[in-house]
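*Asks:* All I have is the shape, not the residue letters:
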């Protein structure tokens, strides 16, 4: 019945179509861009004070039937400053040049699933990143890396320096404990997968798939940043409420580039770059110098029991022999000291006419890492087509295919005896590990040789992915004062990641196994679809003073996953196929779920003075305990533009907006949290079943987040200075977390249980200034400052360690009144009740972050820019120094600084946790940093020269050089202050344990447009 | 283009109408990958019961390797020189400030054993509520006796690790919902032992009524112990071991009498944990290749130097490394090599231990001659001369015989989870060696973090 009613409604509305209106005067002209003089098609032209409007054509020409008495025309175009032009009584021709604006108040930002609002009218602080800001300066390899330092309110951390990303993005603090706090990514309306698929790489010969230590890239790395036109970041529930149960961690909305009507434009770009480690830790060699209080040598400590003369004679002989023969090696430099090579090639062709527009782009990214054999490749192709079928129906199709490969080797925490960082820490410089005639000598010092690991093992993955989007608008009503349209949208995301991890049978660490040689081949396939339909009615009241937009709609999302692997152990010599293993294991996991949402929203705009929104979304999901229950997520917002009111007469303040927004979102339980299932086991060749040690929760409900956001936006001196200040208070209710039970019951936990509430509060300040604006020199500058504070405000369960970590070196705990990312470690101190509790240390979350971005345009041809970013007060649990101390390779090992009250003891011994005064304090380290994230210099060849040289075939040539992460200032002792051994998890992430070093990258660019 | 608005609206209407039945529906969620727990709680079939029985025998092995490594390290039998997990050579040996860390990884055995214990409870429950005619009454008794024996074994392991911390003896009422939120209080070491004895005795009675065969397959590790009557002998051996910790020497002797104790029998007789390389099974967790550099388990140096000359147990259990391995001030010259293959079984309890328990009870009850006879069985089995020849001075010296007994236990039961407890029973922990001045021998493990926090939040 519902359908029939809506059809009826549509019919009634349609019948009013087609009325013509009176014509008074025809105005026309040409609209061009001020930067390069090219004609601008698609510009909106409106006669001020009326609803009469027109759009410019392919050649930038427009003509408009304006009512008699029209004084002013208003020209507006996305990405350009809105401009007004006076209408003279004598001439009907009005030509305009429009100026581009990077952070324009007139730019449009998303306000609903199918509607948008002008930034100057927005009630939320929505960060928008343009394509130029994203990758226009330098070329971070992945999308998320490109966002670093550019989003006020975000905490973006690179998990490991290995090629191919692995980046965690947290908007306004963490929003879940158990799940990841990664935002939802929506590309052209398609809900895209950002998983990290398990490969088995993180645990001993791949036995524990699904581990969070696999350090796989997250799948947003498949997206080519060069295809992106803009990104909008809905940071909290107040902005993202309309996305319902998927939006607790915020939403990142990505719009890809579209074709523009006009001459077909061919753009070609080529980057060549080099990468090298930002920092190596260095090492100390060995000697027989007495360094201990009783004259002990380094050998006595590292290869003895610490008494004089106990040092292994064999080791001393090996050292003397290597020294005499000059065979001392810097293994760290050998492995991580290489120069990576980067090439990026882009080709795009775009154009069209007023009916059909297209954008076609192909990209090739190829880079090798700082470690031999590591690398990242991406091949992508995209076609976006927009077509206007009739005056009242249009559609767009976006198709893209990506193939991404990453070779990441083995680093990080060592559950398999092969992490390069670990093995390096234990390898003295006199070890002889270089291959001789292709044979890799065994290491005497640790489970495997770092050289053999780097050169003989495989940890590769290859992803094939299709993302397809479809949108269509059908206008049932197109009247001057009202429009009614049906906006349909659909999308699918098919991603298939094949991962291969392999240890040859004669690898040292394999020789000690019962079945040497291990190979695992995983196939992770995920298929996501989304369908939505919205009916949007735009109408006016009070004689056009009140602009209203009403929408109702529905959304359906579905996910279908299939994860499988086969592993062979005891491989035939030189064989990689798991099928050749003497022991073969395999696994197959299916997952499928669906969400359905119903949405209604009303927006009202009173003369751009007062803008309000009210909306509600109802969601149900098969992941919830009750899959038929609808959960409601309301939102409300209000923005008041004081300067638009008649009483405002103070000119220097060109914008003064007060805004407030409220919203709720949800977070669905993870797949499988409902189930209590039997496991299987084998003994004696017989299949047994075992009852589970963790139990499901059949009554589970979604986590909900509620946010109130207040803000002031100020524009001074015609918006040459603009300030955006935001305060938010985000509360997450019924956080789902495993409920750790008394372990004596034999059931370790409820897999998911509403354990309590979390509060995130923070401030975001953004200041954009154009200090100098002259014809030969323009300087634009922006400073952003933000911080977030988290606190558990309700806790139903006992204090629990959460996330991963290493006990005495610091773990995160859930405690009432404390941040869930705060570190706790040794020593244990009895509390008031006499219960031994770990000591409280600092938070892994930064105290504050600041980014400082500057752009200089000199003589119209040179563009220079840089982005400085600092994170202060964030702490990591860092185990790297401890590994190196134990192995005797720390740079200051033999130095005697009387650390921790250990008088006379060399630092390498004094720092070990074996000494009573050494507590978790040693490992929980300040990871504050200041980083020059981006610096770039470009030269655009002037048009006059181009015209002469290439006879106008070439319209634009730009050459430049840039660098990413060029300089880092930090006191942190590990490779890089950005580290997360356990991937994209919300808590327990900032653990640094023999991580892959981060790298700085330097590029040379050339771009040519035809 | 001939495309009218009417067509579009019709099309849009159709598009809405077609999937409308399914568009707003989401699927019912059932686990597509595994059977649900509920499937065995009521009306379990004989096949399901059989699979649960096999499942328990498989998970019965869990916790074993953590237990022997931890007790082996604290009892200074072995060191785990793991460069990838340094707490084995620091925290576990007593170096860390403030003792064990609150969330120490050395409590892994605790959840393993608790899980097996709970699984045994579920097994009993499934048998009680099994489908009509799936099991005979005798078979149900057999399952009760089997489950109680398994539970008691896991509790004894946990209790010895936790010692004065005690354990929870009542932790569940499986028949009432939400039981997991109501574990009982911790009881003292003594009360814990008492409960374990009671459970074993109950199990013995049930096994006696268990008929001729179990209602599920017994795996090959229980060869000779795979009928209710034979399994009862294993039950009685565990009761004797418990009596030993209770210092109930008469109880020890009477239970021993009902066990498979045989003064003249093979020392190796007894049930075993079995392992294989079959996909899905586990390999012997204590198996290691010799001379590895990653995480070799090496013998504490005194195990070799203090051995009597010619003791074949030393050569059977440790092997000299081609090159010593040093880590954190500990030098390992001998690899533990008790299990040459990854598929070798591990003994749960064997006649050798029963003979030593018999000897101990005899010493303690003053029957020194009988004790010497028993000790000689073990000595000659290890290639040593009888005490009358080797150590004639101690034949009538009770204290010296206790020293001898503990020494024989040290070599016979090396790296099987006894040494630390033996030295503790006799108040001799101070005699255990420390390789570094900052090492310290713990009396017991710390109570698991989850348990401490549970009780702090839910006071009894």
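*Replies:* Structure's in. What do you need? Predicted model only: the values in this text are computed from it and were never measured.

*Asks:* And the residue of the stretch 101-250 of chain B closest to chain A?
*Replies:* residue B:118 (2.7 Å; C-beta to the nearest C-beta). (C-beta placed from N, C-alpha, C; glycine too.)

*Asks:* In this structure that residue contacts residue A:746, no?
*Replies:* Yes - Residue B:118 is within contact range of residue A:746, at 2.7 Å (criterion: C-beta atoms under 8 Å).

*Asks:* who's more crowded, the two?
*Replies:* Legend: neighbour count by other C-beta atoms under 10 Å in any protein chain shown for residue B:118 and residue A:746, higher for residue A:746 (27 against 24).

*Asks:* Would you map the strands across the stretch 701-850 of chain A?
*Replies:* Ranges of strands within the stretch 701-850 of chain A are A:703-716, A:721-740, A:749-773, A:777-795, A:800-802, A:811-814, A:822-830, A:836-843, A:848-858, based on DSSP state E, counting those that start in this stretch.

*Asks:* how about the first one: buried residues?
*Replies:* The neighbour-count check on strand A:703-716 (16 or more other C-beta atoms under 10 Å in any protein chain shown) flags A:703, A:704, A:705, A:706, A:707, A:708, A:709, A:710, A:711, A:713, A:714, A:715 as buried.

*Asks:* And the fourth one, by the same measure?
*Replies:* The neighbour-count criterion (16+ other C-beta under 10 Å) identifies A:778-780, A:782-788, A:790-792, A:795 as the buried residues of strand A:777-795.

*Asks:* Can you tell me the closest non-neighbouring residue to the closest residue to chain A within the stretch 301-450 of chain B?
*Replies:* As assessed by C-beta to the nearest C-beta, chain A sits closest to residue B:342 within the stretch 301-450 of chain B, at 3.3 Å. In this structure, residue B:342 finds its nearest non-sequential neighbour in residue A:514, 3.3 Å apart by C-beta to C-beta, 6 or more residues apart in numbering or on different chains.

*Asks:* Does the one you found touch residue B:275 like I think?
*Replies:* No - counting by C-beta under 8 Å, residue B:275 is not a contact partner of residue A:514; they are 9.5 Å apart.

*Asks:* If you count surrounding residues, which of the two has more?
*Replies:* The neighbour comparison of residue A:514 against residue B:275 (other C-beta under 10 Å) goes to residue B:275, with 25 against 18.

*Asks:* of all the residues in the stretch 101-250 of chain B, which ones are close to chain A?
*Replies:* B:101-105, B:107, B:110-111, B:114-119, B:121-122, B:158, B:167-168, B:171-172, B:179-181, B:183, B:217, B:219-221 (C-beta under 8 Å from any C-beta of the partner chain).

*Asks:* avg pLDDT for stretch A:128-139?
*Replies:* Averaged across stretch A:128-139, pLDDT comes to 84.

*Asks:* phi, psi of the residue nearest to residue B:342?
*Replies:* The phi/psi pair for residue A:514 (degrees, to the nearest 10) reads phi -70, psi -40.

*Asks:* Equivalent analysis for the one 10 residues further on, please.
*Replies:* Residue A:524 has phi and psi values of phi -120, psi 110 when expressed as degrees, to the nearest 10.

*Asks:* Quick check: which helices or strands does the top strand by length along chain B pack against?
*Replies:* Looking across chain B with DSSP state E, the single longest strand is strand B:318-327. Applying 3 or more C-beta pairs under 8 Å, 6 or more residues apart in numbering or on different chains; DSSP states H and E, one finds that strand B:318-327 contacts strand B:297-299, strand B:330-336.

*Asks:* okay, the angle between the last one and strand B:318-327?
*Replies:* Same thing as strand B:330-336. Calculated by axes from the mean of the first three to the mean of the last three C-alpha atoms, to 10 degrees, strand B:330-336 forms an angle of 150 degrees with strand B:318-327.

*Asks:* Most distant residue from the centre of chain A?
*Replies:* Of all residues in chain A, residue A:90 has its C-alpha farthest from the mean position, at 55.5 Å, by C-alpha atoms, centre = their mean.

*Asks:* For residue B:105, see how far away residue B:82 is.
*Replies:* In this view, residue B:82 and residue B:105 are 11 Å apart by C-beta to C-beta, to the nearest Å.

*Asks:* Likewise for residue A:589?
*Replies:* Counting by C-beta to C-beta, the gap from residue A:589 to residue B:105 is 28 Å.

*Asks:* pretty sure residue A:725 is in contact with residue A:709, am I right?
*Replies:* No - counting by C-beta under 8 Å, residue A:725 stays clear of residue A:709, with 11.1 Å between them.

*Asks:* just to revisit the earlier point, for the residue of the stretch 301-450 of chain B closest to chain A, give me phi and psi.
*Replies:* Dihedral angles for residue B:342 - degrees, to the nearest 10 - are phi -70, psi -10.

*Asks:* So what's the residue count around it?
*Replies:* 19.

*Asks:* center of chain A, which residue is that?
*Replies:* Central residue of chain A (C-alpha atoms, centre = their mean): residue A:144, at 3.4 Å.

*Asks:* Tell me who's in contact with that one.
*Replies:* Residue A:144 sits next to A:156, A:165, A:167, A:169, A:218, A:220, A:221 when contact means C-beta atoms under 8 Å, 6 or more residues apart in numbering or on different chains.

*Asks:* what would those look like in JSON lines with distance to residue A:619, secondary structure and pLDDT?
*Replies:* JSON lines is the format used below for the contacts of residue A:144 (distance: C-beta to C-beta, whole Å; DSSP: H, G, I helix; E, B strand; the rest coil; pLDDT from 0 to 100):
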{"residue": "A:156", "distance to residue A:619": "28", "secondary structure": "strand", "pLDDT": "85"}
{"residue": "A:165", "distance to residue A:619": "30", "secondary structure": "coil", "pLDDT": "67"}
{"residue": "A:167", "distance to residue A:619": "28", "secondary structure": "strand", "pLDDT": "81"}
{"residue": "A:169", "distance to residue A:619": "23", "secondary structure": "strand", "pLDDT": "87"}
{"residue": "A:218", "distance to residue A:619": "25", "secondary structure": "coil", "pLDDT": "84"}
{"residue": "A:220", "distance to residue A:619": "23", "secondary structure": "helix", "pLDDT": "88"}
{"residue": "A:221", "distance to residue A:619": "29", "secondary structure": "helix", "pLDDT": "88"}
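
*Asks:* That concludes my questions; thank you for your assistance.
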